[in-house]
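Student: no sequence for this one, just the structure:
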Ligand code: G16
(Lines give C-alpha, C1' and ligand atoms only; values in the text may rest on other atoms or scores of the structure.)
Protein backbone atom coordinates (compact mmCIF):
# COMPACT_ATOMS: atom_id res chain seq x y z
CA UNK A 1 0.00 0.00 0.00
CA UNK A 2 3.02 2.30 0.39
CA UNK A 3 4.41 3.45 -2.90
CA UNK A 4 8.06 4.50 -3.26
CA UNK A 5 8.33 7.06 -6.03
CA UNK A 6 11.64 8.03 -7.66
CA UNK A 7 12.19 11.79 -7.82
CA UNK A 8 14.81 14.42 -8.62
CA UNK A 9 15.83 17.40 -6.51
CA UNK A 10 14.43 20.88 -7.22
CA UNK A 11 16.60 23.95 -6.90
CA UNK A 12 15.78 26.56 -4.31
CA UNK A 13 13.73 24.64 -1.73
CA UNK A 14 15.34 26.73 0.98
CA UNK A 15 13.06 27.72 3.85
CA UNK A 16 13.13 31.51 4.39
CA UNK A 17 12.16 33.59 7.41
CA UNK A 18 9.18 31.36 7.91
CA UNK A 19 9.14 28.14 5.92
CA UNK A 20 9.26 27.52 2.18
CA UNK A 21 7.24 30.14 0.30
CA UNK A 22 6.80 30.20 -3.44
CA UNK A 23 4.19 30.96 -6.05
CA UNK A 24 1.39 28.39 -6.35
CA UNK A 25 2.48 27.23 -9.86
CA UNK A 26 5.91 26.40 -8.42
CA UNK A 27 4.30 24.20 -5.76
CA UNK A 28 2.05 22.65 -8.41
CA UNK A 29 4.98 21.11 -10.30
CA UNK A 30 4.84 17.32 -10.03
CA UNK A 31 6.72 16.12 -6.92
CA UNK A 32 7.57 19.64 -5.69
CA UNK A 33 5.46 19.32 -2.53
CA UNK A 34 6.34 15.65 -2.08
CA UNK A 35 10.08 16.35 -2.27
CA UNK A 36 9.90 19.03 0.40
CA UNK A 37 7.63 17.06 2.72
CA UNK A 38 9.79 13.94 2.39
CA UNK A 39 12.86 16.07 3.09
CA UNK A 40 11.22 17.22 6.33
CA UNK A 41 10.47 13.63 7.37
CA UNK A 42 13.94 12.44 6.33
CA UNK A 43 15.48 15.09 8.56
CA UNK A 44 13.47 14.16 11.66
CA UNK A 45 14.13 11.24 13.96
CA UNK A 46 12.03 9.32 16.43
CA UNK A 47 8.53 10.14 15.28
CA UNK A 48 7.33 6.58 14.61
CA UNK A 49 3.92 6.15 16.21
CA UNK A 50 3.79 9.80 17.33
CA UNK A 51 1.37 12.60 16.48
CA UNK A 52 1.65 15.14 13.68
CA UNK A 53 -0.63 18.19 13.51
CA UNK A 54 -1.58 19.49 10.07
CA UNK A 55 -3.49 22.61 9.14
CA UNK A 56 -3.45 25.52 6.77
CA UNK A 57 -4.98 28.91 6.19
CA UNK A 58 -7.29 27.66 3.46
CA UNK A 59 -5.55 29.37 0.60
CA UNK A 60 -5.64 27.96 -2.93
CA UNK A 61 -3.95 24.52 -3.11
CA UNK A 62 -4.40 23.93 0.65
CA UNK A 63 -6.71 20.95 0.28
CA UNK A 64 -4.56 19.17 -2.31
CA UNK A 65 -1.41 19.57 -0.22
CA UNK A 66 -3.19 18.38 2.93
CA UNK A 67 -4.07 15.14 1.13
CA UNK A 68 -0.47 14.60 0.04
CA UNK A 69 0.80 15.23 3.58
CA UNK A 70 -1.71 12.86 5.18
CA UNK A 71 -0.69 10.06 2.83
CA UNK A 72 3.03 10.76 3.18
CA UNK A 73 2.92 11.11 6.98
CA UNK A 74 1.14 7.78 7.18
CA UNK A 75 3.76 6.22 4.89
CA UNK A 76 6.50 7.72 7.07
CA UNK A 77 5.07 6.02 10.14
CA UNK A 78 3.36 8.70 12.23
CA UNK A 79 0.85 7.09 14.58
CA UNK A 80 -1.76 9.84 14.51
CA UNK A 81 -2.40 12.89 12.40
CA UNK A 82 -4.60 15.64 13.75
CA UNK A 83 -5.85 17.69 10.84
CA UNK A 84 -8.15 20.69 11.04
CA UNK A 85 -11.61 20.24 9.54
CA UNK A 86 -11.50 21.26 5.89
CA UNK A 87 -7.71 21.31 6.18
CA UNK A 88 -8.00 24.57 8.11
CA UNK A 89 -6.16 25.65 11.23
CA UNK A 90 -4.59 28.99 12.08
CA UNK A 91 -0.86 29.09 12.73
CA UNK A 92 -1.22 29.89 16.45
CA UNK A 93 -3.86 27.17 16.77
CA UNK A 94 -1.48 24.60 15.24
CA UNK A 95 1.05 25.65 17.85
CA UNK A 96 -1.53 25.36 20.64
CA UNK A 97 -2.66 21.90 19.48
CA UNK A 98 0.92 20.60 19.20
CA UNK A 99 1.56 21.72 22.78
CA UNK A 100 -1.72 20.56 24.26
CA UNK A 101 -1.43 17.01 22.92
CA UNK A 102 2.35 16.69 23.16
CA UNK A 103 2.56 16.11 19.42
CA UNK A 104 5.90 15.40 17.80
CA UNK A 105 5.46 18.39 15.50
CA UNK A 106 3.22 20.01 12.95
CA UNK A 107 3.03 21.22 9.39
CA UNK A 108 1.52 24.62 8.66
CA UNK A 109 0.37 25.38 5.15
CA UNK A 110 0.42 29.09 4.59
CA UNK A 111 2.21 31.98 2.96
CA UNK A 112 0.90 34.10 5.80
CA UNK A 113 0.08 37.63 4.69
CA UNK A 114 1.06 37.05 1.05
CA UNK A 115 -1.82 37.04 -1.47
CA UNK A 116 -3.39 33.70 -2.45
CA UNK A 117 -5.18 32.24 -5.46
CA UNK A 118 -3.91 30.27 -8.49
CA UNK A 119 -1.21 32.87 -9.18
CA UNK A 120 -0.69 33.79 -5.54
CA UNK A 121 1.65 32.38 -2.95
CA UNK A 122 1.74 29.13 -1.02
CA UNK A 123 3.97 27.89 1.76
CA UNK A 124 4.93 24.91 3.90
CA UNK A 125 6.47 25.26 7.35
CA UNK A 126 7.52 22.63 9.85
CA UNK A 127 6.98 23.26 13.58
CA UNK A 128 8.73 21.30 16.29
CA UNK A 129 7.36 19.76 19.50
CA UNK A 130 7.43 23.02 21.47
CA UNK A 131 4.88 24.31 18.93
CA UNK A 132 7.26 26.77 17.31
CA UNK A 133 8.85 27.07 13.89
CA UNK A 134 11.80 24.74 13.41
CA UNK A 135 15.07 26.42 14.31
CA UNK A 136 17.70 27.10 11.67
CA UNK A 137 19.66 23.93 12.26
CA UNK A 138 16.59 21.92 11.28
CA UNK A 139 15.59 24.13 8.34
CA UNK A 140 19.18 24.02 7.08
CA UNK A 141 19.13 20.21 7.32
CA UNK A 142 15.80 20.08 5.44
CA UNK A 143 17.25 22.28 2.72
CA UNK A 144 20.33 20.08 2.49
CA UNK A 145 18.09 17.04 2.13
CA UNK A 146 16.10 18.64 -0.71
CA UNK A 147 19.32 18.77 -2.69
CA UNK A 148 19.96 15.05 -2.58
CA UNK A 149 16.50 13.49 -2.38
CA UNK A 150 15.94 10.62 -4.78
CA UNK A 151 12.60 9.12 -3.71
CA UNK A 152 9.55 9.73 -1.57
CA UNK A 153 7.03 7.44 0.06
CA UNK A 154 3.29 7.86 -0.12
CA UNK A 155 0.34 5.70 0.92
CA UNK A 156 -1.58 4.59 -2.13
CA UNK A 157 -5.09 5.31 -0.85
CA UNK A 158 -8.03 7.43 -2.00
CA UNK A 159 -8.34 10.97 -0.62
CA UNK A 160 -9.38 11.19 3.02
CA UNK A 161 -12.63 12.97 3.89
CA UNK A 162 -11.30 15.99 5.78
CA UNK A 163 -14.67 17.69 6.09
CA UNK A 164 -16.27 15.33 8.61
CA UNK A 165 -15.09 15.43 12.22
CA UNK A 166 -13.89 12.06 13.46
CA UNK A 167 -11.31 9.37 12.87
CA UNK A 168 -10.33 7.29 9.85
CA UNK A 169 -7.27 5.16 9.22
CA UNK A 170 -4.54 4.96 6.61
CA UNK A 171 -2.93 1.62 7.39
CA UNK A 172 -1.98 1.84 11.07
CA UNK A 173 -2.10 5.63 11.15
CA UNK A 174 -5.16 7.30 12.65
CA UNK A 175 -6.26 10.44 10.84
CA UNK A 176 -8.31 12.55 13.21
CA UNK A 177 -10.25 15.46 11.74
CA UNK A 178 -10.60 18.01 14.53
CA UNK A 179 -12.51 21.22 15.12
CA UNK A 180 -9.76 23.76 14.39
CA UNK A 181 -11.17 26.36 16.81
CA UNK A 182 -12.07 24.37 19.95
CA UNK A 183 -8.65 23.82 21.57
CA UNK A 184 -7.54 27.34 20.77
CA UNK A 185 -10.71 28.92 22.18
CA UNK A 186 -10.33 26.86 25.34
CA UNK A 187 -6.77 28.15 25.79
CA UNK A 188 -7.90 31.76 25.36
CA UNK A 189 -10.58 31.18 27.98
CA UNK A 190 -7.86 30.19 30.45
CA UNK A 191 -5.59 33.15 29.74
CA UNK A 192 -8.20 35.90 29.74
CA UNK A 193 -11.03 37.00 31.96
CA UNK A 194 -13.89 36.46 29.52
CA UNK A 195 -16.41 37.84 32.05
CA UNK A 196 -14.59 41.16 32.16
CA UNK A 197 -14.52 41.40 28.37
CA UNK A 198 -18.20 40.37 28.23
CA UNK A 199 -19.01 43.23 30.60
CA UNK A 200 -17.16 45.62 28.32
CA UNK A 201 -19.31 44.61 25.35
CA UNK A 202 -22.44 44.73 27.55
CA UNK A 203 -21.63 48.34 28.41
CA UNK A 204 -22.09 49.28 24.75
CA UNK A 205 -18.46 49.02 23.63
CA UNK A 206 -18.30 48.56 19.86
CA UNK A 207 -15.71 46.90 17.70
CA UNK A 208 -14.93 45.79 14.19
CA UNK A 209 -12.68 42.82 13.50
CA UNK A 210 -11.64 42.37 9.87
CA UNK A 211 -10.69 38.75 9.22
CA UNK A 212 -9.64 39.70 5.68
CA UNK A 213 -11.41 36.62 4.24
CA UNK A 214 -8.72 34.52 5.86
CA UNK A 215 -8.38 31.96 8.61
CA UNK A 216 -9.29 33.99 11.71
CA UNK A 217 -12.91 34.45 10.65
CA UNK A 218 -14.20 31.26 12.33
CA UNK A 219 -12.02 31.88 15.41
CA UNK A 220 -13.04 35.51 15.82
CA UNK A 221 -16.74 34.76 15.27
CA UNK A 222 -16.75 31.99 17.86
CA UNK A 223 -14.72 33.86 20.48
CA UNK A 224 -15.73 37.49 20.01
CA UNK A 225 -19.35 37.12 18.96
CA UNK A 226 -20.49 33.76 20.41
CA UNK A 227 -18.47 33.66 23.63
CA UNK A 228 -17.81 37.32 24.48
CA UNK A 229 -21.07 38.82 23.30
CA UNK A 230 -19.78 41.25 20.69
CA UNK A 231 -22.66 42.28 18.43
CA UNK A 232 -23.38 40.04 15.44
CA UNK A 233 -21.53 41.48 12.47
CA UNK A 234 -18.58 42.66 14.57
CA UNK A 235 -16.42 40.24 12.58
CA UNK A 236 -16.38 41.11 8.89
CA UNK A 237 -14.92 39.19 5.94
CA UNK A 238 -15.23 36.18 8.19
CA UNK A 239 -15.32 33.33 5.66
CA UNK A 240 -11.90 32.00 4.68
CA UNK A 241 -11.64 32.13 0.87
CA UNK A 242 -8.96 30.42 -1.28
CA UNK A 243 -7.97 33.77 -2.79
CA UNK A 244 -8.88 35.90 0.24
CA UNK A 245 -11.49 37.59 -1.93
CA UNK A 246 -8.70 39.00 -4.09
CA UNK A 247 -7.33 40.97 -1.15
CA UNK A 248 -3.84 41.08 0.24
CA UNK A 249 -4.37 39.61 3.72
CA UNK A 250 -1.70 41.71 5.41
CA UNK A 251 -3.20 43.57 8.34
CA UNK A 252 -1.64 46.99 7.98
CA UNK A 253 -3.25 50.37 7.31
CA UNK A 254 -2.53 50.03 3.59
CA UNK A 255 -4.08 46.59 2.99
CA UNK A 256 -6.79 46.88 5.64
CA UNK A 257 -7.75 50.25 4.23
CA UNK A 258 -11.51 49.87 4.74
CA UNK A 259 -10.98 49.26 8.43
CA UNK A 260 -8.44 52.05 8.67
CA UNK A 261 -10.78 54.54 6.97
CA UNK A 262 -13.67 53.49 9.21
CA UNK A 263 -11.57 53.93 12.35
CA UNK A 264 -10.40 57.38 11.29
CA UNK A 265 -13.89 58.52 10.27
CA UNK A 266 -16.88 59.94 12.13
CA UNK A 267 -18.66 56.59 12.54
CA UNK A 268 -15.76 54.67 13.99
CA UNK A 269 -16.55 52.00 16.57
CA UNK A 270 -14.53 52.08 19.79
CA UNK A 271 -11.95 49.60 18.61
CA UNK A 272 -10.76 48.00 15.38
CA UNK A 273 -8.54 45.02 14.70
CA UNK A 274 -7.56 42.70 11.87
CA UNK A 275 -5.54 39.58 11.34
CA UNK A 276 -3.68 38.08 8.41
CA UNK A 277 -3.88 35.03 6.15
CA UNK A 278 -2.88 32.48 8.78
CA UNK A 279 -3.95 34.34 11.91
CA UNK A 280 -0.62 35.13 13.51
CA UNK A 281 -0.41 38.84 12.73
CA UNK A 282 -2.56 41.60 14.15
CA UNK A 283 -3.53 45.15 13.41
CA UNK A 284 -4.75 47.36 16.25
CA UNK A 285 -6.56 50.61 15.56
CA UNK A 286 -8.38 52.67 18.12
CA UNK A 287 -10.88 55.35 17.18
CA UNK A 288 -8.63 57.93 15.53
CA UNK A 289 -5.35 56.13 16.14
CA UNK A 290 -3.33 53.41 14.43
CA UNK A 291 -1.21 51.68 17.06
CA UNK A 292 2.13 50.66 15.54
CA UNK A 293 3.03 47.02 16.20
CA UNK A 294 6.08 48.19 18.12
CA UNK A 295 3.97 50.42 20.38
CA UNK A 296 1.40 47.67 20.73
CA UNK A 297 4.09 45.29 22.00
CA UNK A 298 5.24 47.84 24.57
CA UNK A 299 1.71 48.64 25.74
CA UNK A 300 0.68 44.99 25.96
CA UNK A 301 3.83 44.11 27.90
CA UNK A 302 3.11 46.92 30.35
CA UNK A 303 -0.46 45.65 30.88
CA UNK A 304 -0.15 41.88 30.59
CA UNK A 305 -0.56 41.40 34.35
CA UNK A 306 -4.21 42.50 33.97
CA UNK A 307 -5.02 39.15 32.36
CA UNK A 308 -5.27 36.11 34.66
CA UNK A 309 -2.78 34.18 32.53
CA UNK A 310 -0.09 36.72 33.33
CA UNK A 311 -1.18 37.85 36.80
CA UNK A 312 2.18 36.86 38.24
CA UNK A 313 3.91 39.32 35.95
CA UNK A 314 6.22 38.74 33.03
CA UNK A 315 9.77 37.39 33.11
CA UNK A 316 11.06 39.45 30.21
CA UNK A 317 10.36 40.84 26.76
CA UNK A 318 11.91 39.95 23.41
CA UNK A 319 11.66 41.90 20.20
CA UNK A 320 13.18 41.44 16.77
CA UNK A 321 16.04 43.81 16.07
CA UNK A 322 14.16 46.04 13.58
CA UNK A 323 11.25 46.45 16.03
CA UNK A 324 11.30 49.85 17.75
CA UNK A 325 12.88 50.31 21.13
CA UNK A 326 9.53 51.19 22.78
CA UNK A 327 9.45 47.81 24.54
CA UNK A 328 12.94 48.42 25.94
CA UNK A 329 11.60 51.43 27.86
CA UNK A 330 8.91 49.23 29.43
CA UNK A 331 11.34 46.44 30.30
CA UNK A 332 13.66 48.94 31.92
CA UNK A 333 10.86 50.43 34.00
CA UNK A 334 9.63 46.97 35.02
CA UNK A 335 13.13 45.72 35.79
CA UNK A 336 12.78 42.68 33.51
CA UNK A 337 15.08 41.40 30.77
CA UNK A 338 14.88 42.63 27.21
CA UNK A 339 16.23 40.56 24.31
CA UNK A 340 16.94 41.67 20.75
CA UNK A 341 16.74 38.82 18.24
CA UNK A 342 16.95 38.56 14.45
CA UNK A 343 13.73 38.82 12.46
CA UNK A 344 11.75 35.59 12.60
CA UNK A 345 9.57 34.15 15.33
CA UNK A 346 11.75 31.05 15.48
CA UNK A 347 14.38 33.05 17.38
CA UNK A 348 11.99 33.56 20.32
CA UNK A 349 11.45 29.83 20.93
CA UNK A 350 14.51 29.21 23.09
CA UNK A 351 13.94 32.35 25.17
CA UNK A 352 10.34 31.34 25.81
CA UNK A 353 11.23 27.73 26.59
CA UNK A 354 13.85 28.90 29.10
CA UNK A 355 11.33 31.34 30.62
CA UNK A 356 13.65 34.26 30.00
CA UNK A 357 10.77 36.08 28.35
CA UNK A 358 6.98 35.94 28.52
CA UNK A 359 6.01 38.42 25.80
CA UNK A 360 7.53 38.77 22.34
CA UNK A 361 6.83 41.00 19.40
CA UNK A 362 7.89 42.18 16.01
CA UNK A 363 7.39 45.29 13.93
CA UNK A 364 5.86 43.05 11.27
CA UNK A 365 2.57 43.03 13.15
CA UNK A 366 3.32 40.08 15.39
CA UNK A 367 2.85 39.80 19.12
CA UNK A 368 2.59 36.75 21.30
CA UNK A 369 3.49 35.12 24.56
CA UNK A 370 4.61 31.89 26.15
CA UNK A 371 1.10 30.38 25.66
CA UNK A 372 2.20 29.12 22.23
CA UNK A 373 5.38 29.36 20.16
CA UNK A 374 3.98 31.43 17.33
CA UNK A 375 2.81 34.98 17.21
CA UNK A 376 -0.91 35.16 17.75
CA UNK A 377 -3.21 37.76 16.20
CA UNK A 378 -6.39 37.07 18.14
CA UNK A 379 -4.46 36.73 21.40
CA UNK A 380 -3.15 40.28 20.92
CA UNK A 381 -6.71 41.49 20.32
CA UNK A 382 -7.95 39.75 23.48
CA UNK A 383 -5.15 41.29 25.55
CA UNK A 384 -6.07 44.71 24.17
CA UNK A 385 -9.72 44.06 25.04
CA UNK A 386 -8.59 43.08 28.53
CA UNK A 387 -6.84 46.36 29.11
CA UNK A 388 -9.72 48.30 27.56
CA UNK A 389 -12.11 46.43 29.87
CA UNK A 390 -10.04 47.30 32.92
CA UNK A 391 -9.15 50.87 32.04
CA UNK A 392 -12.38 51.89 30.33
CA UNK A 393 -10.58 54.61 28.39
CA UNK A 394 -10.38 55.24 24.65
CA UNK A 395 -7.41 53.57 22.92
CA UNK A 396 -6.15 57.01 21.91
CA UNK A 397 -5.82 58.08 25.56
CA UNK A 398 -4.14 54.83 26.56
CA UNK A 399 -1.53 55.26 23.82
CA UNK A 400 -0.93 58.93 24.62
CA UNK A 401 -0.52 58.18 28.31
CA UNK A 402 1.93 55.44 27.43
CA UNK A 403 4.02 57.86 25.37
CA UNK A 404 3.89 60.47 28.13
CA UNK A 405 5.26 57.94 30.59
CA UNK A 406 7.88 56.20 28.44
CA UNK A 407 8.50 58.59 25.55
CA UNK A 408 7.38 58.09 21.96
CA UNK A 409 9.32 56.02 19.44
CA UNK A 410 8.26 57.44 16.09
CA UNK A 411 8.53 54.50 13.74
CA UNK A 412 7.98 53.63 10.11
CA UNK A 413 8.96 50.92 7.64
CA UNK A 414 9.61 51.72 3.99
CA UNK A 415 9.41 48.68 1.71
CA UNK A 416 10.85 48.56 -1.79
CA UNK A 417 9.17 45.54 -3.35
CA UNK A 418 10.02 43.36 -6.36
CA UNK A 419 13.45 44.95 -6.70
CA UNK A 420 15.87 43.05 -8.98
CA UNK A 421 18.08 40.98 -6.68
CA UNK A 422 21.33 42.60 -7.93
CA UNK A 423 19.99 46.09 -7.24
CA UNK A 424 18.86 45.11 -3.73
CA UNK A 425 22.24 43.54 -3.03
CA UNK A 426 23.95 46.68 -4.31
CA UNK A 427 22.00 48.80 -1.84
CA UNK A 428 22.96 46.52 1.04
CA UNK A 429 26.58 46.46 -0.13
CA UNK A 430 26.69 50.24 -0.35
CA UNK A 431 25.67 50.52 3.29
CA UNK A 432 27.78 47.58 4.43
CA UNK A 433 30.92 49.10 2.90
CA UNK A 434 30.46 52.21 5.06
CA UNK A 435 29.68 50.42 8.33
CA UNK A 436 33.11 50.79 9.89
CA UNK A 437 33.61 54.40 8.80
CA UNK A 438 30.17 55.72 9.87
CA UNK A 439 30.63 56.10 13.64
CA UNK A 440 31.39 59.73 14.49
CA UNK A 441 30.04 61.07 11.17
CA UNK A 442 27.32 63.70 11.27
CA UNK A 443 24.39 64.19 8.94
CA UNK A 444 22.88 67.52 9.92
CA UNK A 445 21.85 67.14 13.54
CA UNK A 446 22.20 63.35 13.40
CA UNK A 447 25.54 62.02 14.60
CA UNK A 448 26.26 58.30 14.12
CA UNK A 449 26.99 56.56 17.39
CA UNK A 450 27.56 53.07 16.06
CA UNK A 451 26.85 50.89 13.03
CA UNK A 452 27.01 47.15 12.50
CA UNK A 453 25.78 44.11 10.65
CA UNK A 454 23.52 42.61 13.30
CA UNK A 455 24.60 39.23 14.67
CA UNK A 456 22.79 37.28 17.36
CA UNK A 457 24.23 34.95 19.90
CA UNK A 458 21.46 32.80 21.33
CA UNK A 459 22.02 32.86 25.10
CA UNK A 460 20.18 29.56 25.54
CA UNK A 461 21.70 27.21 22.97
CA UNK A 462 24.81 29.23 22.15
CA UNK A 463 24.12 29.32 18.40
CA UNK A 464 25.16 32.32 16.31
CA UNK A 465 23.22 33.95 13.48
CA UNK A 466 25.08 36.47 11.37
CA UNK A 467 24.17 39.06 8.71
CA UNK A 468 20.73 39.79 10.15
CA UNK A 469 20.40 43.41 8.99
CA UNK A 470 22.49 46.57 8.86
CA UNK A 471 22.03 48.99 11.74
CA UNK A 472 22.96 52.64 11.97
CA UNK A 473 22.40 54.07 15.43
CA UNK A 474 22.52 57.79 16.16
CA UNK A 475 23.46 59.55 19.36
CA UNK A 476 19.96 60.99 19.88
CA UNK A 477 18.42 57.48 19.86
CA UNK A 478 17.34 57.57 16.22
CA UNK A 479 17.99 54.50 14.16
CA UNK A 480 18.04 53.20 10.59
CA UNK A 481 17.96 49.50 9.77
CA UNK A 482 18.35 47.99 6.29
CA UNK A 483 17.29 44.42 5.68
CA UNK A 484 16.30 42.11 2.86
CA UNK A 485 12.98 40.40 3.45
CA UNK A 486 13.01 36.63 3.82
CA UNK A 487 9.37 36.09 2.92
CA UNK A 488 8.95 37.69 -0.52
CA UNK A 489 8.44 35.52 -3.59
CA UNK A 490 9.21 38.04 -6.34
CA UNK A 491 12.70 39.51 -6.77
CA UNK A 492 13.91 41.05 -3.53
CA UNK A 493 12.10 43.19 -1.01
CA UNK A 494 14.24 45.77 0.63
CA UNK A 495 13.06 46.98 4.00
CA UNK A 496 14.23 50.22 5.56
CA UNK A 497 13.17 50.67 9.19
CA UNK A 498 13.22 54.19 10.57
CA UNK A 499 12.97 55.33 14.15
CA UNK A 500 13.29 58.43 16.29
CA UNK A 501 12.87 58.69 20.03
CA UNK A 502 11.08 61.69 21.52
CA UNK A 503 10.80 62.00 25.28
CA UNK A 504 8.95 65.32 25.42
CA UNK A 505 5.11 64.94 25.35
CA UNK A 506 4.87 68.42 23.81
CA UNK A 507 6.35 66.87 20.66
CA UNK A 508 4.27 63.70 20.56
CA UNK A 509 1.68 64.96 18.09
CA UNK A 510 3.76 65.17 14.92
CA UNK A 511 2.70 63.19 11.84
CA UNK A 512 5.01 60.15 11.68
CA UNK A 513 6.64 60.70 8.28
CA UNK A 514 7.21 64.35 9.13
CA UNK A 515 8.71 63.41 12.48
CA UNK A 516 11.08 61.03 10.70
CA UNK A 517 11.94 63.31 7.76
CA UNK A 518 15.62 63.78 8.77
CA UNK A 519 16.15 60.08 9.37
CA UNK A 520 14.47 59.20 6.07
CA UNK A 521 16.70 61.62 4.19
CA UNK A 522 19.85 60.11 5.73
CA UNK A 523 18.62 56.57 5.01
CA UNK A 524 18.24 57.42 1.34
CA UNK A 525 21.51 59.32 1.10
CA UNK A 526 23.56 56.60 2.77
CA UNK A 527 22.25 53.80 0.60
CA UNK A 528 21.70 55.50 -2.75
CA UNK A 529 18.49 53.51 -2.83
CA UNK A 530 16.70 55.63 -5.45
CA UNK A 531 19.56 55.49 -7.98
CA UNK A 532 20.25 51.80 -7.45
CA UNK A 533 16.66 50.59 -7.58
CA UNK A 534 15.23 53.20 -9.92
CA UNK A 535 12.48 53.74 -7.32
CA UNK A 536 12.15 57.31 -6.13
CA UNK A 537 9.72 56.25 -3.41
CA UNK A 538 9.09 53.01 -1.53
CA UNK A 539 6.27 50.73 -2.72
CA UNK A 540 4.69 50.52 0.72
CA UNK A 541 5.02 52.80 3.73
CA UNK A 542 3.66 51.54 7.02
C1 LIG B 1 7.26 36.00 9.08
C2 LIG B 1 7.95 35.62 10.34
C3 LIG B 1 8.12 36.83 11.20
C4 LIG B 1 8.82 37.94 10.44
C5 LIG B 1 8.07 38.22 9.16
C6 LIG B 1 8.70 39.26 8.27
O7 LIG B 1 5.98 36.42 9.38
O8 LIG B 1 7.20 34.65 11.03
O9 LIG B 1 8.82 36.46 12.33
O10 LIG B 1 8.89 39.10 11.20
O11 LIG B 1 7.95 37.04 8.43
O12 LIG B 1 9.77 38.72 7.62
P13 LIG B 1 10.50 39.44 6.46
O14 LIG B 1 10.80 40.84 6.93
O15 LIG B 1 11.73 38.61 6.29
O16 LIG B 1 9.62 39.48 5.24
P17 LIG B 1 4.72 35.76 8.72
O18 LIG B 1 3.54 36.45 9.33
O19 LIG B 1 4.92 36.04 7.24
O20 LIG B 1 4.83 34.32 9.05
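Tutor: Okay, I see it. Bear in mind the structure is a predicted one, so any value in this text is a computation, not a measurement.
Student: sec struct for residue 385, please.
Tutor: Three-state call for residue 385 (DSSP: H, G, I helix; E, B strand; the rest coil): helix.
Student: show the pLDDT at it.
Tutor: pLDDT recorded at residue 385 is 98.
Student: skipping its backbone neighbours, what lies nearest it in space?
Tutor: The shortest distance from residue 385 to any non-neighbouring residue, by CB to CB, 6 or more residues apart in numbering, is to residue 197 (4.9 Å). To be clear about C-beta, it is placed using only N, CA and C from the backbone, and glycine gets the same treatment.
Student: can you pull out the strands in the stretch 301-450 of the chain?
Tutor: 316-320, 337-341, 359-362, 366-369, 408-419, 442-443, 446-453 (DSSP state E, counting those that start in this stretch).
Student: could you do the stretch 1-150 of the chain as well?
Tutor: 2-6, 20-23, 51-56, 80-88, 105-109, 121-127.
Student: now mean neighbour count, distance to the ligand and mean pLDDT too, for these, in a markdown table please.
Tutor: Converted to a markdown table, the strands of the stretch 1-150 of the chain look like this (neighbours: other CB atoms under 10 Å; distance: least, CB to the nearest ligand atom, whole Å; pLDDT from 0 to 100):
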| stretch | mean neighbour count | distance to the ligand | mean pLDDT |
| --- | --- | --- | --- |
| strand 2-6 | 12 | 30 | 98 |
| strand 20-23 | 22 | 8 | 96 |
| strand 51-56 | 27 | 13 | 98 |
| strand 80-88 | 23 | 17 | 98 |
| strand 105-109 | 27 | 9 | 98 |
| strand 121-127 | 26 | 8 | 97 |
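Student: quick one, what contacts the nearest residue to residue 377 once chain neighbours are set aside?
Tutor: Using CB to CB, 6+ apart and skipping the chain neighbours, the partner closest in space to residue 377 is residue 275 (3.5 Å). By CB atoms under 8 Å, 6 or more residues apart in numbering, the contact set of residue 275 is 209-212, 214-216, 220, 251, 281-283, 377-378, 381.
Student: what about residue 275, distance to the ligand?
Tutor: According to CB to the nearest ligand atom, to the nearest Å, residue 275 and the ligand sit 10 Å apart.
Student: got the residues of the stretch 51-200 of the chain near the ligand?
Tutor: 112-113 (CB under 6 Å from any ligand atom).
Student: which residues touch the helix or strand hosting residue 290?
Tutor: Using DSSP states H and E, the element containing residue 290 is strand 289-291. Residues outside strand 289-291 that contact it (CB under 8 Å, 6+ apart) are 253, 260, 263, 284-285, 299, 395-396, 399.
Student: now do the end-to-end distance for stretch 105-122.
Tutor: Start-to-end span of stretch 105-122 (CA to CA, to the nearest Å) is 20 Å.
Student: next one: the strand holding residue 290 to chain centre, how far?
Tutor: 19 Å (CA atoms, centre = their mean, to the nearest Å).
Student: and if you look at stretch 35-47?
Tutor: With CA atoms, centre = their mean, you get 24 Å for stretch 35-47.
Student: give me the buried positions along that stretch.
Tutor: Within stretch 35-47, the residues that qualify as buried are 35-44, 47, counting by 16 or more other CB atoms under 10 Å.
Student: also stretch 198-212?
Tutor: 200-201, 205, 207-212.
Student: which strand residues bridge the residue nearest to residue 377?
Tutor: On the basis of DSSP bridges, residue 275 is bridged to residue 282.
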